[in-house]
Structure formats: structure tokens, C-alpha cells
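**Q** just to be clear, the model below is a prediction. Sequence and coordinates:
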Amino acid sequence: MSGMLALARQSLLEPAGISEAELDRLMGGLMGGHVDYGDLYFQYSRHESWSLEEGIVKSGSHNIEQGVGVRAVSGEKTGFAYSDEIVLPALLEAATAARAIAQQGGQGRQPVAWRGESGLQLYQPADPLASLADDAKVQLLERVEREARAQDPRVKQVMASLAATHEVVLVVRSDGVLAGDVRPLVRLNVTVIVEQNGRREQGSAGGGGRFTYGYFLEQEHALGYAREAVRQALVNLDAAEAPAGAMTVVLGPGWPGILLHEAIGHGLEGDFNRKGTSAFSGRVGEKVAADGITVVDDGTLPARRGSLNVDDEGTPTRKTVLIENGILKGYMQDTLNARLMGVAPTGNGRRESYAHLPMPRMTNTYMLAGGRDPQEIIASVDKGLYAVNFGGGQVDITSGKFVFSASEAYLIENGKITRPVKGATLIGNGPDVLQRVSMIGNDLQLDPGVGTCGKEGQSVPVGVGQPTLRIDGLTVGGTQG
Amino acid sequence: MSATTDTAMTVASIVDVASRERLTSLVQEVLAEAKQQGATTAEVGVNISQGLSVSVRLGEVETVEHTRDKGLGLTVYFGQRTGSASTTDFGSAALRDTVRAACAIARHTAEDDCSGLADPDRLAREVPDLDLHHPWNPGVDKAIALAREGEAAARGVDRRITNSEGASLSTHEGLEVYGNTHGFLGAVAGSRHSLSVSVIAQDEAGMQRDYWYTAARDARTLDAPAVVGRLAADRTLRRLNARRLSTRQCPVLYEAPIAGSLLSHFVGAIRGGALYRQASFLLDSLGKKVFTDFVHIHEQPHLKGAMGSAAFDGEGVATAPRDLVRDGVLLGYVLDSYSARKLKMPTTGNAGGVHNLTIAPGPDNLAALLKRMDTGLFVTELIGFGVNTVTGDYSRGAAGFWVENGEVQYPVEEITIAGNLREMFRHLAAVGSDVDRRGNIRTGSILIENMTIAGS
């Protein structure tokens, strides 16, 4: 039995006095009638956050959440109930409510032998909340604040926050699989406001991943975020109005990979494609991107924010090729949609918590590097936009239209970066935009570990990445037409 | 979990005398425990809720979800130091640990002159019944039938409705009790029910999706499923065969359901937190003209049965109707006690947000607004987050219709609309009479004189 599973059983089942015999009984209660598949998702999570502004750590919070989600699947139907009390009677009640979805009758479930799914070992099962003394957390934020202010006298406000989650999950499936995971997650964010001659601008930076607070102390990571936030804010003090209209856009490496997340990632999630509601539905095997473009969703990157040892249905994550050399290869699947589409699950079944149903979600989505020097890519553009930092994005799955909003961008004129322009939203069409990529950089980078993806009201941590890209004819939503 | 094995059986409301008493004594116990552990003052909020959500797609049941949640949140003050904690476990050991966690945090946070409970003289003395709680338990079968009816109505409108994202019916009710060591204790029960339908239309040019929903605190006032379905279908069909626009400047009319986003950005800029951090494009705007002359914006916290009604805010402070903007002039900010102290002002009773923010409607219905715009963009959908509250810079993805001579010409998509909110508010040209009352922000369609459209 894997270490993660043993830890999960120890944290979630033992305190509740739930043994394998009780799991048999619960699964028996869930699987009565015409239920094809069922699972129980036990979860315990502790979360803390500390925030600093005006030079002092003003507030902190500590939250505990625990419960069990109980799901019964019959054909395309799903019954779902949950309990925030991990005790047998409450779980039996939840199982009864969940299975009411299916017709009664049919064969009762025969007990199966429980077997452990070992999953991957991408991160240490440490509790990040306990990885640093509370005093040291406060001091870390104070150092970040001082670093930001030391960068430039125009820095007027510094807001910094430090957060950690310690989550233990256990998936109990009707096919006998037991899978556990212990998932650390930390994050540090800095936002600054600078002022010059009455004009104010902001800049933000941060990072994190599935490790402990120690990361922020190594190699001055935390101080680096402070410097980066100030740098961005100062750039924006000099920014002119952004251009409006279709033009050549060069996207920087790393976080601008949010392009992939919005333009193609969501459209390649299994649920939309099973239902035929995605602009990419039925297009496997078609050319959807320029030659040389390969995009993967990879939940197996060690310690990344979007990585998981097993997904929230107990399937080990994997590296799934979405687009290979421009050709659409496949979708991201959870167990329900994989079964209905007759393909294998890809380890993309994720949920916000025990109180939410799993669905196909991205992990870390990125494009592999090409061969071009990034400088050469910029030099190739006569007139265009160079966008290196972004805020959020969104997509209309069905029409394929997507947006993502630049927070740091520059004009390119005659092959040279000339001056900063204000942030603007970029808009494009998912099935079309990657066909407009004309140059791929050799500088693949992943984002620093700050991404959160929302879908149908559920938030999960994700990662993105890409090399520098040149895209011909993307619409830039500035004000200067 | 409730025992709802028989789908015909209805679940009893979780809001009753017993649950009120239980939550009230829980609040008192936790406040006492906080004092016991050394807190100078403390505040506690507890909530319980339950609900049912069903979804159908292409006539078949897709999901049946039973929800039942509870939570307790606590803030303790040790002098001027603050700590917070929350839990979903109401066991006595867990509650003690939660208090301990909040107190541990308060030992490490800094002294802050402005922290603390709301001033005692601002706390609500009475809690009038605002008609917010109408539990409705249709049962699973009836819920499914209503969702089916809505989806079927949409699918029956036109053969170009080829697919569906489904219809869902949700019903929720809950009880919240808030108390603090100034002796305030208030309970509020509420409900929300909704039916939404989302369908897909297809023609040679491709697929489009749109949706419609009805939502209310009292299920008897929901629109009929057939009406919701019909609107969802009409809204989807009219988007088929959308074109792009070339880049240009023109007036933009925001349809009522999305016009509220402009008021959300306004609230974001006059929130205390944004003001004391100097992170707003409306700094020092009190008493100044921020909108066109005819614009009046007010809060109606005591509106019976409305989505945003509340007798007291998140700190127990009594709410009151008030004007935020009169004749275009900003008369008030949106403050809680903390930000009010930072700004050396009294709180406005907005801990937790605004209450039924309403912009006074003008005389024109949608057709008249389109006539008035004459030529421009009618926006019905916005995507993305390109709004900067510090500078007011605004740039979002849009879809809608191109309008000439006051008539809709054709649907448009894959464009952005951009401007600066300060300028957009000053050049707000009209507010429609077509008020959307489903949410906490109530507005008709809003016409902005001029924006930049970026397209092909």
C-alpha cells in the first residue's frame, strides 16, 4: 500500500472508526439498483492565510473543512449527496439519497476486494501550515513589504498575502479501488500601487506550488515577487493608450500560456465534447494548429500547482497530448465522460471539494518549445504588440470565442520594443488562433504557480506554460483605433 | 443529510424555532469561549442551508444533487489585534480548536487602531421581517418535470436548436445568525429558487449558445418554465451567423442583464477598501459629479422579498435606504466599520456589500433606447475581466448586435469594447425602463455615448 493511501486512511477513516467492512456496507447501500458506478470522496482540509498592508500584518484566518461526497452513476445520470460529518449513519443516508437517481431493483452489489491505487509521488505529504512558525510567516511578509518599498520611492502601497492548504483526500470506488493523496499547496502574492504626478498604477506578482513555505525563503523567491510587482507597476506608469484592432501579437513565455488554457484547453474537456457543445467537438484528427505546435496537459510535473498524484476520482494523472504537430489528438477525461465516449480516463477528473461533483478539468497545460530565438521573433515584427503579463481570461466553449487580458504590454515597431502600453483584452477564436501562430520560441517556461481555474462555479488550482509565440492577426482591445 | 429516499416526500424546512435556538446558543457559546480564551471582544456568524439541484439534458435527467451545508466563522480581537477562523464541524472540540486558532493568529497580527467591532450605537435594534424566506420543496420528481418543461419549450421553438446544455432547477434555503460581544444577536432566514435553460443553435456558420433564467426568493413568483425556455431559445437563435465588426468608435448600449456590471465596477471604486488603499479611480470624489446630471443611484435594503435585502449588515450595523448618487453627484461611499475608521467617516452599513443597488430608470424602453442610439453596438454578452479599478481602464470581450437607424441589423462577435470608466460614467447617455430585478443590482439597459470597438 502506498504511503499516501496509508496516510489518507489514517487521517480520514481511522478517527471515524470506518473499517473495510463499513466501506463494504456503504458501497452496498450506494450500489443497490441500476447503479453502474459509485464513489465516496473523503476530504479533510485546513487552510490559512495572512495578509499585510500599510506595513503591518493586519489579519489572518484559519479554516477547517471536512466531509464526504457520495456519488451514484447510472448511464448518463448522476445522483449526488454529501455530508460534512464523517460518521457512518450520515454517510449511509447520503448514499441512499444519491442512489435514488437509479431505478430500484436489479442486482445488489457483490463485495469486491479492496485494492490500493498507489498513484504518483510528485510532492511530499507535508503539512505546509506547520512548516514555518507563525512569527516567521509574519516576518516573511514584512520582509517582502520592505523589499518592495526599497525598490522605488514612488511605491505608495504594498499588499502581500501568504496562504497554505493542507488537504488529505481518499477516494473509495465501487470497482474496489482505494486511492489517497496528501496535497500541500502554498502561495505568496504581492500587489503594489505606485504614484507619480497624480497618476497611480498597480503591479502584481506571486508564486507557489505543492511544497512548503520554505520555498519562499530559498533563492529569495519571495523578495523576487516584490521586485517584480514594483517593476510591472513602474512600467505601467509610463504606459500609453493601447492600440485597437487586429495586429501581430508576440506573447512572452510562461504565464501568457493562459492563451492555451482559454483558447483550446476548456474546449477539449471531455464533457463538452461528449455533449457535442464545444467548438472542437468531433474534430479529433483534424488540423487545429500550425505545424510544429504540440500542446499537452500534464498532471505529473513534480510539485507544480496543477499537479496531482491521483485525480479526484483516484486515477493517476498523466501527460495527455492534446495537439501534436498541429493535429488534434484527444480530450481530457474524467471517468463518466470517458466511459460514455468509450475511451480511457486521463486523470483529469477534478472537483473543488467533497461538496461538488467531479468533472473534466485541466492540470498543467502547456505548449512544447520550438526552435526560434525569442529576440528573433520580436525582430521579425514590423508593427505589433508584445504582451508579457496577463490577468484572467474566459471562453465561450460553443462559439469558441475567448479573451485574455494583458497587464503588461509594449508596442513593437520596426522589430524593436519601443514603449509600454496599457493593459487591454485580447480576443480570438479558439479553433483558429493556433493556426495563426507563425513562430515558436525555444524558451518554454511554466507560470510561477498562481493560476486558479473556474468552471461551473468550481475553482481548482492549475498551471499553464508556453514559449514565446508570434501570432498573426489577433484582435487587441485597446482604445486607439 | 436528510432522509429523502422517497422522491414524493418533501423535506421539512431547516428553519424553525429549534434551529434558531440551536444556532443562537452556538453563537453565544463560541463568544463565551472566545472571552474565556482571553479575547477582548469577538464576533461570530453561523449558517446552515439545504437545497436541491436537478439538471436535465435532451429530456433526460443528468444530475440530482442534494446539498446541506453549515459553517461557523469567528473573529476575535485582543485589544486592537485581530484573528479569524472558520469551521464546518460544530462538535465542541472542533469549536474550541477554532477559537484557539483565531486567538493564536491574533497573537501574531499587529496592533491596528481601526480594527474592532462596529460601534455599539450603530447596531440594529430591531430586525424587521423583510419577507426573504419562502422555503419550497418541490421534491425530486416535480423539480425534474419543471426543468424538462423549460428545456422542451426551448427545443420546440425552432429546428435550428440542435443541442442543449440542459435546464436546471435549484432550490435553497438557509438560516444565518450573527452575534458579537457588544450584545448584538440577529437571525435571518432566506431562500432562493431558480430555473435556467441553456441551448445551442446551429446553422452552416457554426454553433451559438445562450441562456435565460428566472430567480426569486418566493417560488410562486418565478417565471413559467415555458417562458424561460422560449427566451433562452430566442436569445440563442438571434446570435446565429454573427459577424465581426471593423475597429471603430461608436455608442454602446448595454442590455439590462449585463448593464449591472457597470454598476458593480462603480461600487468596486467607491468601496472603503479600495479608497483607503488609494486603489480607486474615484478617490476623493465625494460631492463631485461622477455621472451625467440625470443619474440617481440608491440603495434599498428594506425592499420586501428582494434578493439584496437585509436589516443589518455583516457586522450587525443597521441598514437604511440612502442615495449614493443624486443628479450625477457622488453622495456616499460603500463602507464597513474598518474602512470607515480608516477614512475617518461613519460606516454606511455595507459590511458584506450593497443592498439592492438601484439606478433610477428613465422613460425609454429597449426599443426606444435603440432608436435613441440610432447607430451603434447593442451588447448582450461580455466576457473576460479587463477592468482596472485603480485607473478605470476598461477593455472586455463582447457579443451583441450592430444597430443602424435604431434597428438591429445583424449579430456580432469576437470584438472588444474599451474605454475608461470615469469617462464612460460621465457620458452615460440613458438608462432604460426595462429593469432587471433578478439580482442585487437593479438597472435597465444603459447607453454609453462613445467607446472603442476593436475588431477585424
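**A** Happy to help now that I have it.
**Q** contacts only, for residue B:238.
**A** Taking CB atoms under 8 Å, 6 or more residues apart in numbering or on different chains as the contact definition, residue B:238 lies against B:401, B:411. For glycine as for every other residue, the C-beta is placed from the backbone atoms N, C-alpha and C.
**Q** so how far is residue A:278 from it?
**A** Distance, residue B:238 to residue A:278, using CB to CB, to the nearest Å: 21 Å.
**Q** thought residue A:289 was touching residue A:436?
**A** No: counting by CB atoms under 8 Å, residue A:289 stays clear of residue A:436, with 9.3 Å between them.
**Q** who has more neighbours, these two?
**A** residue A:289 (26 against 18; other CB atoms under 10 Å in any protein chain shown).
**Q** report how many residues lie close to the nearest residue to that one once chain neighbours are set aside.
**A** Among residues not flanking residue A:289 along the chain, residue A:434 sits closest, at 3.5 Å (CB to CB, 6 or more residues apart in numbering or on different chains). By the measure other CB under 10 Å, the count of residues near residue A:434 is 23.
**Q** state the distance from residue A:434 to residue B:178.
**A** Where residue B:178 is concerned, residue A:434 sits at a distance of 51 Å (CB to CB).
**Q** helix, strand, or coil at residue A:221?
**A** helix (DSSP: H, G, I helix; E, B strand; the rest coil).
**Q** my guess is it contacts residue A:205. True?
**A** No: using CB under 8 Å, residue A:221 makes no contact with residue A:205, being 10.7 Å away.
**Q** the more surrounded of those two?
**A** Between residue A:221 and residue A:205, counting by other CB under 10 Å, residue A:205 is the more crowded of the two (24 against 16).
**Q** for residue 417, what are phi and psi?
**A** You didn't pick a chain, so chain A it is. Per-residue torsions, residue A:417: phi -70, psi 120 (degrees, to the nearest 10).
**Q** hm, I was asking about chain B
**A** Torsion angles, degrees, to the nearest 10, at residue B:417: phi -120, psi 140.
**Q** partner residues bridging it?
**A** Here residue B:417 sits in beta bridges with residue B:396, residue B:453, going by DSSP bridges.
**Q** wouldn't it be in contact with residue B:396 here?
**A** Yes: if you go by CB under 8 Å, residue B:417 and residue B:396 touch, sitting 6.2 Å apart.
**Q** now list whatever residues contact both of these two.
**A** Joint contacts of residue B:417 and residue B:396 (CB under 8 Å, 6+ apart) are residue A:477.
**Q** need the contact list for the nearest residue to residue B:456 once chain neighbours are set aside.
**A** Spatial nearest neighbour of residue B:456, chain neighbours left out: residue B:244 (4.5 Å); criterion: CB to CB, 6+ apart. Under the criterion of CB under 8 Å, 6+ apart, the neighbours of residue B:244 are B:412-415, B:455-456.
**Q** what about residue B:244, distance to residue B:444?
**A** Going from residue B:244 to residue B:444 by CB to CB gives 28 Å.
**Q** what do you get for residue B:69?
**A** According to CB to CB, residue B:69 and residue B:444 sit 35 Å apart.
**Q** more neighbours: which of these two?
**A** residue B:444 (24 against 16).
**Q** could you find the closest non-adjacent residue to the more buried one?
**A** The shortest distance from residue B:444 to any non-neighbouring residue, by CB to CB, 6+ apart, is to residue B:432 (3.2 Å).
**Q** the one you found against residue B:445, yeah?
**A** Yes: using CB under 8 Å, residue B:432 is in contact with residue B:445, at 3.9 Å.
**Q** overlap in contacts, those two.
**A** Contacts common to residue B:432 and residue B:445, judged by CB under 8 Å, 6+ apart, are B:256, B:366, B:369.
**Q** contact partners for the closest residue to residue B:436 other than its chain neighbours?
**A** Spatial nearest neighbour of residue B:436, chain neighbours left out: residue B:256 (4.2 Å); criterion: CB to CB, 6+ apart. Residues near residue B:256 by CB under 8 Å, 6+ apart: B:366, B:432, B:434-436, B:443-445.
**Q** give me the phi and psi for residue B:256.
**A** Taking degrees, to the nearest 10 as the convention, residue B:256 sits at phi -50, psi -50.
**Q** check the gap between it and residue B:446 for me.
**A** Going from residue B:256 to residue B:446 by CB to CB gives 8 Å.
**Q** now do the shared contacts for the two.
**A** In contact with both residue B:256 and residue B:446: residue B:432, using CB under 8 Å, 6+ apart.
**Q** helix/strand/coil for residue A:339?
**A** Strictly by three-state DSSP, residue A:339 counts as helix.
**Q** how many neighbours does it have?
**A** 18.
**Q** now do the helices in the stretch 101-250 of chain B.
**A** Assigned by DSSP state H, counting those that start in this stretch, the stretch 101-250 of chain B shows helices spanning B:139-155, B:225-237.
**Q** do you know which of those helices lies nearest chain A?
**A** Nearest of the helices of the stretch 101-250 of chain B to chain A, taken as CB to the nearest CB: helix B:139-155 at 7.0 Å.
**Q** for the closest one, the distance to its chain's centre please.
**A** On the basis of CA atoms, centre = their mean, to the nearest Å, helix B:139-155 sits 25 Å off its chain's mean C-alpha point.
**Q** same question, stretch B:195-210
**A** On CA atoms, centre = their mean, the centre of stretch B:195-210 falls 25 Å from that of its chain.
**Q** and for stretch A:410-417?
**A** For stretch A:410-417, the distance to the chain centre is 32 Å (CA atoms, centre = their mean).
**Q** repeat for stretch A:93-104
**A** When distances are taken as CA atoms, centre = their mean, stretch A:93-104 is centred 32 Å away from the chain's centroid.
**Q** which parts of it are buried?
**A** By neighbour count with 16 or more other CB atoms under 10 Å in any protein chain shown, stretch A:93-104 contains the buried residues A:93-102.
**Q** for residue A:139, phi and psi?
**A** According to degrees, to the nearest 10, residue A:139 has phi -60, psi -40.
**Q** repeat for residue A:218
**A** Dihedral angles of residue A:218 (phi, psi; degrees, to the nearest 10) stand at phi -70, psi 140.
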